[in-house]
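A.B. asks: what follows is a predicted structure for the sequence shown.
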Amino acid sequence: MAQTQRHDTTETDGTDTTVESDASSATDTGGETGGTDSSDSHETAIPALSKGEIFEVLRNQRRRYVLHFLKQDGRPVELGDLAQQIAAWEYETTLEGVTPAQRKRVYTTLQQTHLPKMDEAGILSFDSDEGVIEATDRTGDISIYLEIVPGHEFAWRELYLSLGAISCALVAALWLEIYPLTLLSNLTWAGIIAVTVTLTAAVHGYYEQNMRLGAGEQPPELSYRADD
C-alpha cells in the first residue's frame, strides 16, 4: 500500500544528513583579447558554482532526487516520467503504485518551483514549453556525497577522531612500558595501527562511492534505509 505521508524535506527522517559537494571549475573558453585581432571570439566562460550555491539548490530532497535521476541516465526526460519516478521514491512504492494525486503533487512543484530553480543555476536545462529536462555540463561536474548518520551511529569524522585518540593513547602507554602492552613489540603495534586505519579508509571509500547521487538505482537516502 502506498504511503500517504509527504516526503519533501531537507533531511531524511530520523537521520542526520550531511551534504558535501565538489564542483569542477568551468573551462575558460574566452581566452585573452590580444591587440586588434578582429577574429577573437570574445566568448564568456560560465562561472563555476560555489559550494554555497550548490548547497542552496540541492539542500531540498526533491531536487536531489531530480539530480540523481539525471546522473543515472543522462538522456532527456519528460516531466511526467520524472514526476512519476520521484513520487515512487518519495512514497516508497513502485511506479505502478503511484496514485494520480501523488504524481500531480510532485509534478506541480517540480514544474513551478524546483526545475526552474535548478535551470537558473545551470544544473540542468528545463524546457517549460515542451516539458523536457536535460542534463548539462554542470550536471556531471557536480558530485554530491550524502553522509547519513542515524542517531545511534558515529559519523566517519568522529570515527577517525576516535581512532586517532586511541592511537595516541596506545603510543603513550607503550612509551611508559605499561603491561601487558609490552608483550608485543612497538613495530607490531605500529603495524596493527596502520592496518586498522587502512581498512577503515577502504570501507569509508566504498561507502562514500555508494552514497553519491547517481550511484545505484535508488537515491542514497533510500538505499541506506533499505540496507538498515
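C.D. replies: Perfect, I can see it now. Keep in mind that what you see is a predicted model, and the values were worked out from it rather than measured.
A.B. asks: show me the shaky parts of the protein.
C.D. replies: 1-49, 141, 143-154, 209-217, 220, 222-228 (pLDDT under 70).
A.B. asks: which one's the longest helix in it?
C.D. replies: When the chain is parsed with DSSP state H, its longest helix is helix 186-210.
A.B. asks: list the buried residues for that helix?
C.D. replies: residue 189 (16 or more other CB atoms under 10 Å). (Each C-beta comes from the backbone N, C-alpha and C, glycine too.)
A.B. asks: distance check, the nearest residue to residue 64 once chain neighbours are set aside against residue 205.
C.D. replies: Nearest residue to residue 64 in three dimensions, chain neighbours excluded: residue 58, at 5.4 Å (CB to CB, 6 or more residues apart in numbering). Between residue 58 and residue 205 the distance is 22 Å, computed by CB to CB, to the nearest Å.
A.B. asks: ok, now which ones touch residue 63?
C.D. replies: Listed by CB atoms under 8 Å, 6 or more residues apart in numbering, the contact set of residue 63 reads 57, 114, 117-118.
A.B. asks: nearest to residue 181, of those?
C.D. replies: residue 57 (51.6 Å; CB to CB).
A.B. asks: show me where the chain has its helices.
C.D. replies: Counting by DSSP H, the helices of the chain are 51-58, 61-73, 79-90, 100-109, 115-121, 137-141, 156-175, 186-210, 220-227.
A.B. asks: dump these to CSV, plus distance to residue 129.
C.D. replies: What follows is the helices of the chain, written out as CSV (distance: least, CB to CB, whole Å):
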stretch, distance to residue 129
helix 51-58, 22
helix 61-73, 19
helix 79-90, 11
helix 100-109, 16
helix 115-121, 13
helix 137-141, 21
helix 156-175, 45
helix 186-210, 37
helix 220-227, 32
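A.B. asks: just to check, the residue nearest to residue 64 is in contact with residue 65?
C.D. replies: No: Residue 58 is beyond contact range of residue 65, at 10.1 Å (criterion: CB atoms under 8 Å).
A.B. asks: comparing the two, which residue is more hemmed in?
C.D. replies: residue 65 (26 against 22; other CB atoms under 10 Å).
A.B. asks: rewinding a little: of all the helices of the chain, which lies closest to residue 130?
C.D. replies: Comparing the helices of the chain by CB to CB, helix 79-90 comes nearest, at 8.9 Å.
A.B. asks: if you count neighbours, what's buried in that closest one?
C.D. replies: 79, 82-90.
A.B. asks: from those, which single one is nearest residue 185?
C.D. replies: residue 89 (53.5 Å).
A.B. asks: for residue 98, give me its contacts.
C.D. replies: When contacts are taken as CB under 8 Å, 6+ apart, residue 98 is in contact with 2, 84, 87-88, 91.
A.B. asks: with distance to residue 137 as added columns, please give those residues in a markdown table.
C.D. replies: Shown next, in a markdown table, are the contacts of residue 98 (distance: CB to CB, whole Å):
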| residue | distance to residue 137 |
| --- | --- |
| 2 | 37 |
| 84 | 27 |
| 87 | 28 |
| 88 | 28 |
| 91 | 32 |
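A.B. asks: and residue 185, backbone torsions?
C.D. replies: phi -70, psi 160 (degrees, to the nearest 10).
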